[in-house]
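>>> The amino acid sequence is not available; the structure is as follows:
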């Protein structure tokens, strides 16, 4: 079986008018039409028809659902349709999320509080890594996919390609793992950790629950073994393996150095702005918070809330959209928007709520204005980033039926 091709499970075959619909939509997308609508009542097999179109066109695919539960159900279905391909699940990894905010009328600052679901974090890492290593990838995502994510160019630039028989300097590999935000340990491994025992390097990638053991003889890589996490039993041996960063917000040391210079310049300007207005408290608050973050960046290459400084590392101009999951897809991707009459207005509403909260933080000296560029996509930016789209709904709205443009959608 060709691992680079989508292979639809032969146990599933079209029924009734499904074959006709699949053929029409396949031919339409293949001819270059940008937008299509798949309308069908509940139980009509819309998910199977989506899978069949993916099988016919053989392109990396994004399926967007309006909540985590629906996304999980769809991911489970697609895994049954494509048991031998890269079907992944990408949703918000927070079980609990209290965003950073400030309430001026009561002078109440609320620090960002989160509880990360480690399993979902693993799924997210596996999804981005799959998009950078193979073509037969289908990602089922929530609207989390339009929120800022680490730059895929940096993510790929920091990867470490390991191959049996080649020579490596182990101390340099260790330094590069630290740059990738892996944590060194002498105890048991968990995701994103590595340990060194003599000439043996062991690590657990962020997107898997397996241990990879790299055994060296002097500077020569002798073997790559994949081990079960709990038992340590050998699963298989590999000739090659690519180690991707342990976090999705990573960047090179050179970009960090240049970024810190820009942060300092903007900090000086903003502090001067507050002083000229007589807002000394805001100026001192911003100075202290930002300088603490700079110190962490220079020391560790990472800081909690690094996404608020992403514009300095991405080379973006003020107002330009951030990198998102969509940027990890190739240009010929296909996007299906499930329950589009609900999902599309949700995509359109994300930007304004996020902007209002962050603007208050900026106005009162809790964040630099650059934090405003860590945001979800606007609706028109979303459409600019996707290639071809199929709206899937039992009750499509006027927009999906071509009776309303996306500007009208933004008002919803």
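Done, it's in. What you see is a predicted model; the values in this text were computed from it and never measured.
>>> Check what pLDDT the most centrally placed residue in the chain gets.
In the chain, the residue lying closest to the centroid (Cα atoms, centre = their mean) is residue 325, at 4.3 Å. For residue 325, the model assigns a pLDDT of 95.
>>> so what's it up against?
62, 90, 127, 128, 139, 141, 144, 145, 146, 149 (Cβ atoms under 8 Å, 6 or more residues apart in numbering). All C-beta spots, glycine's among them, are computed from the backbone N, C-alpha and C.
>>> So it versus residue 126, what's the distance?
13 Å (Cβ to Cβ, to the nearest Å).
>>> Please apply the same query to residue 296.
Distance from residue 296 to residue 126, by Cβ to Cβ: 27 Å.
>>> more neighbours, these two?
residue 126 (21 against 15; other Cβ atoms under 10 Å).
>>> Surely that one is in a helix?
Yes. Under DSSP: H, G, I helix; E, B strand; the rest coil, residue 126 sits within a helix.
>>> what's the nearest residue to it if we skip its chain neighbours?
residue 207 (3.6 Å; Cβ to Cβ, 6 or more residues apart in numbering).
>>> With residue 320 instead?
That would be residue 373: by Cβ to Cβ, 6+ apart, it lies 7.3 Å from residue 320.
>>> next one: residue 232
residue 211 (7.3 Å).
>>> Show me what the helix or strand the one you found falls within is packed against.
Element membership of residue 211, judged by DSSP states H and E, is strand 210-217. Using 3 or more Cβ pairs under 8 Å, 6 or more residues apart in numbering; DSSP states H and E, the elements in contact with strand 210-217 are strand 200-204, strand 220-228.
>>> ok, now which ones touch the residue nearest to residue 216 when sequence neighbours are not counted?
The shortest distance from residue 216 to any non-neighbouring residue, by Cβ to Cβ, 6+ apart, is to residue 199 (4.3 Å). If you count contacts by Cβ under 8 Å, 6+ apart, residue 199 has them with 170, 215, 216, 217, 218.
>>> need the strands for the stretch 201-350 of the chain, in chain order.
Listed in chain order, the strands of the stretch 201-350 of the chain (DSSP state E, counting those that start in this stretch) span 210-217, 220-228, 234-238, 240-243, 334-338.
>>> any chance of the ones you listed in JSON lines, with mean pLDDT too?
Below are the strands of the stretch 201-350 of the chain laid out as JSON lines (pLDDT from 0 to 100):
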{"stretch": "strand 210-217", "mean pLDDT": "95"}
{"stretch": "strand 220-228", "mean pLDDT": "95"}
{"stretch": "strand 234-238", "mean pLDDT": "95"}
{"stretch": "strand 240-243", "mean pLDDT": "95"}
{"stretch": "strand 334-338", "mean pLDDT": "96"}
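>>> Run a quick neighbour tally on residue 121.
18.
>>> oh sorry, the question was meant for residue 173
19.
>>> ditto for residue 99
Count around residue 99 with other Cβ under 10 Å applied: 15.
>>> What's the separation between it and residue 394?
33 Å.
>>> And for residue 35?
Distance from residue 35 to residue 394, by Cβ to Cβ: 18 Å.
>>> Could you check which helix or strand contains residue 10?
Going by DSSP H and E, residue 10 is not part of any helix or strand.
>>> Begin at 51 from now on, thanks
Will do, 51 is the new start, and the previous item becomes residue 60.
>>> For it, report the pLDDT, please.
In this model, residue 60 carries a pLDDT of 94.
>>> cool, residue 53 as well?
58.
>>> ditto for residue 369
Confidence score, pLDDT, at residue 369: 88.
>>> ok, it - contacts?
residue 423.
>>> Now do it against residue 423, distance only.
In terms of Cβ to Cβ, residue 369 sits 7 Å off from residue 423.
>>> got it, and residue 104?
34 Å.
>>> contacting residues for residue 223?
Residue 223 neighbours (Cβ under 8 Å, 6+ apart): 210, 251.
>>> and it, that one's in a helix?
Yes. The assignment for residue 223 is a helix, going by three-state DSSP.
>>> Tell me, how many residues neighbour residue 246?
18.
>>> Then it would be within a strand, right?
Yes. According to three-state DSSP, the state of residue 246 is that of a strand.
>>> Leaving out the residues flanking it, which one is nearest to it?
Residue 246's closest residue in space is residue 224 (Cβ to Cβ, 6+ apart), at 6.5 Å.
>>> Give me the number of neighbouring residues for the one you found.
Quick note: residue 224 (other Cβ under 10 Å) scores 15 neighbours.
>>> wait, it sits on residue 245?
No. Assessed by Cβ atoms under 8 Å, residue 224 is found out of contact with residue 245, at 10.3 Å.
>>> which residues in the stretch 101-250 of the chain form strands?
Counting by DSSP E, counting those that start in this stretch, the strands of the stretch 101-250 of the chain are 111-114, 136-140, 144-148, 151-153, 158-160, 163-166, 187-191, 210-213, 233-234, 243-247, 250-254.
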